[in-house]
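> sharing a model prediction with you, sequence too.
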Amino acid sequence: MGIVFDNKSKTFYLNTQNSSYVFCVSDFNTLEHLYYGKRIPSDDIRYISNRQIYSFQSHESRDSRAFSTATVGLEIATFNSGDFRTPSVIYDYESNLNANRLRYVSHEIYKGRKAVLGMPCSRENAECESLGILLCDDQNQLEVRLFYVVYYSENVIARHQTIKNLGDKNLKISKFASMNLDFYGSDYHVVTLEGMYLSERSNVVRTPIRKGVFKNNSLVGTTSHHKNPFMVLCDSCADEHSGNAYGFNLIYSGNFSEEIEVDRLGDTRIIAGIDDTAFCWNLVSGQTFSSPEAIITYSDEGLGGVSRNFHNHIRNNIIESDFAYAKRPIVINTWEPFFFDLSEDKILHLAKESKKCGIDTIVVDDGWFRNSIKENLGDFKVDKNKFPLGLKSLADKIHAQGLNFGIWIEPEMVSPNSDYYRENANTCALSNANEPLISRNQYVLDLTNDENIDYIVNRLKQEFDGVELDYLKWDYNRYITEASGLNCSAGEVYHRQVLGSYKLFFALKDLFKGALFENCAGGGGRFDLGMLYFSPQVWASDNTDPYERLYIQYGTSYAYPPSAISCHFTEGKCTSGRPSSFEFRYNVASFGAYGYELNVCELSDNEKAILSEYSSKYREDEQLVLSGDLYRLISPESNTFCAYMMVSKDKNRAKFNFFSINARGLTETFTLKLMGLDPKKLYKNQNTGLILSGETLMNVGIRLNDLFGKKRSDGYTVNFVALD
Ligand code: GLA
């Protein structure tokens, strides 16, 4: 049983395969957090609670000073309630009885799970079990519900909470996080994924936490290029392969915040949810507000263990099941080869040559309805000069060649130079400023206004009438500024915009049923779990220089599975243009959902044959990318080498990748211990024919010099297959 309630001690045990999350109902009907970590039996562990008495604290009872909210762990931390740490919830009921004290009323434990209002969340599976807890404010007319969903096999707990206004007065909510979690002690490090446009998540930053507040957040309206809602808290001595580590992420695509506070006693609090900067939600009588869902995991296998747990959860419970483990299209995207210079002839010629390279899907990127970034977002009308016969004819001809057809759109934006903007200037952009700030020549479409959503859905419906669409690349190329919607206050607009985006996603998923959505936001500016719910893969970065990509992909893999990371073999036109061998480019790009972005028409027959071999090789290894366990062995941040492995769940197949990232040859002695294999199995190295046990490969390691001889190359893939 995943969830156990011990009636005597009033303690909840949320057990996954390897972890336990424990809290109880205190004598004062508050929820007291007791433990999160390695699996323990259902012992009564209330003794761990801090009952020490400190000056200046407040107490629930006039008779005893033995209990104070200020010193114990809390499941929800309200402001103004005697807990002086950072609150996870702040509200203000018009009655002015602003005590914010929430008391346990009841709970239910049930199979399955409830959805999160208007937002994506982890999907229900046959195993999941939920705990719902009802709390009431003893002074104000409102209720709060905490939801915990246990994903047993994945070692993940999903949390979200709701608040309902039961009275007839207004309830102003200025903070409503998805979760609060308190740990005793503070000997921890925090790991976050930093970057910016062209280096998204490439910098894995580990910081010791200290007294005070650490914040990982975004204020740009989306999750952003420079921040990511993924975060790890680990023991200071934990590393990539061992030690206690806790992973956090949010299924949310807007302004988010994760705060870590080490309080005066040296204890640690984690809060994750919607960022509260300028947030103010007016909850009118009878309405309910929901936080997005947070997911948390624990592993005693360090950062690598956290990644593998999250990879399993994302593949099993967030990505659509039709795509999660299915063979992905090998695409060729027209952006880097042609930019805006598109025509039907050009694309059909590209399609013909692409087939020779083992490519099965053509994705027509930006340029099909405009000639530059300066126009026509919002109109989305095919450019008849480039495609005189329209999209249907193009799609049909591509299908007739035996290829799939995909297209690029950017539906959440509007160009001032578009008919839609000219006709709806006062209602379509997400700003009512005079001359709003412009970015990439465009405004953000106001999705807090349903009319804009309906318009876009109908426009695309019309434009794609009869077009058989297999693939949709969904882009988003600016941040939000001066946000104010036509129909909502400034404190609500950022979150309402995210809800509007999700509404649009649900509607377009319905319109383009069966098509694979690839997400993109000026490269990887919205790589988050909200987007992965709709799109099994996300374009990780416009930086396709394979040297740089190693850092981006390696960093992204801390949070997201390789199969979710779109990786293309290109000429690196958008970035450095630094030369690199075909072999290196393939070895880097075959890390994730593989494709191409170069003009294959310009390649020689021999080069096309090489790409065809790469496509077949990728197909051979694809199951490892889609479902394997990832073991990161050497971080590119070592600035010398990079190495990782993907191992099948049954441990019968593995692929090992090794890169020299500063073009050093393997002149020095270099051995590396493999990981994740079955110690008892015998593995054949398919490159050298050498047969060794998993035990030997993992303890003695492999000698890279011997494997590759004196050949100097900067990237290798080695496959291992278990013998029967
Ligand atoms: C963004 C994307 C690119 C491409 C262009 C088109 O920058 O990241 O891949 O689609 O937009 O304008």
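In hand now; what should we look at?
> I'd like the next helix or strand past the helix or strand of the chain with the lowest mean pLDDT.
Least confident helix or strand of the chain, by mean pLDDT, DSSP states H and E, is helix 704-708 with a mean of 70. Using DSSP states H and E, the next helix or strand after helix 704-708 towards the C-terminus is strand 715-722.
> interface residues of the stretch 501-650 of the chain facing the ligand?
C520, G522, G523, W539, D542 (CB under 6 Å from any ligand atom). C-beta here means a position set from N, CA and C on the backbone, and glycine is covered the same way.
> could you find the closest non-adjacent residue to the first one?
To tie it back to what came earlier, the one meant is C520. Closest residue in space to C520, ignoring its immediate chain neighbours: W539 at 3.9 Å, by CB to CB, 6 or more residues apart in numbering.
> what of the last one?
Excluding the flanking residues, the one nearest D542 by CB to CB, 6+ apart is G523, at 3.8 Å.
> run a quick neighbour tally on that neighbour.
Residues contacting G523 under the criterion other CB atoms under 10 Å number 25.
> same question for Q287.
12.
> contacting residues for the nearest residue to it once chain neighbours are set aside?
Counting by CB to CB, 6+ apart, Q287 lies nearest to N165, which is 5.8 Å off, once chain neighbours are set aside. By CB atoms under 8 Å, 6 or more residues apart in numbering, the contact list for N165 reads Q141, L142, L171, L283, V284, S285, G286, Q287, T288.
> whichever of these end up buried, select them in PyMOL.
Listed next is the PyMOL selection for buried residues among these, using 16 or more other CB atoms under 10 Å:
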select buried, resi 141+142+171+283
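> K617 falls within a strand, correct?
No - under DSSP: H, G, I helix; E, B strand; the rest coil, K617 falls outside any strand and is assigned helix.
> if we can go back for a sec, let me see the contact set for the residue nearest to D542.
Contacts for G523 (CB under 8 Å, 6+ apart) come out as Y197, L198, E200, H225, W539, A540, S541, D542, N543.
> ok, those residues vs H59, which is closest?
H225 (47.2 Å; CB to CB).
> can you classify the closest one by secondary structure?
Secondary structure, three-state DSSP: H225 is coil.
> burial count for D235?
Around D235 there are 17 other residues, counting by other CB under 10 Å.
> that one pairs with what?
Beta-bridge pairing of D235 under DSSP bridges involves Y188.
> and the residue in the chain positioned nearest to the ligand, backbone torsions?
Closest residue of the chain to the ligand, CB to the nearest ligand atom: D366 (3.4 Å). Recorded main-chain torsions at D366 are phi -50, psi 150, according to degrees, to the nearest 10.
> wait, doesn't it sit right on W408?
Yes - counting by CB atoms under 8 Å, D366 does reach W408; the two are 5.4 Å apart.
> just send the contacts of N165 back as CSV, with pLDDT, secondary structure and distance to the ligand too.
CSV is the format used below for the contacts of N165 (pLDDT from 0 to 100; DSSP: H, G, I helix; E, B strand; the rest coil; distance: CB to the nearest ligand atom, whole Å):
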residue, pLDDT, secondary structure, distance to the ligand
Q141, 91, coil, 48
L142, 95, strand, 43
L171, 94, strand, 41
L283, 96, strand, 37
V284, 94, coil, 40
S285, 96, coil, 44
G286, 97, coil, 43
Q287, 97, coil, 38
T288, 98, strand, 37
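> after the strand or helix carrying H495 comes which helix or strand?
Under the criterion of DSSP H and E, H495 resides in helix 490-511. Moving toward the C-terminus from helix 490-511, the next helix or strand (DSSP H and E) is strand 516-519.
> now do whatever helix or strand comes next after that following strand: which elements does it pack against?
Using DSSP H and E, the helix or strand that directly follows strand 516-519 along the chain is helix 529-534. Here helix 529-534 touches strand 245-251, helix 490-511, strand 516-519, going by 3 or more CB pairs under 8 Å, 6 or more residues apart in numbering; DSSP states H and E.
> nearest to S563, of those?
strand 516-519 (12.0 Å).
> partner strands of that closest one and their direction?
strand 471-474 (parallel), strand 537-539 (parallel).
> so which of those is the most packed in?
Mean neighbours per residue, mean count of other CB atoms under 10 Å, is largest over those for strand 537-539, with a mean of 29.
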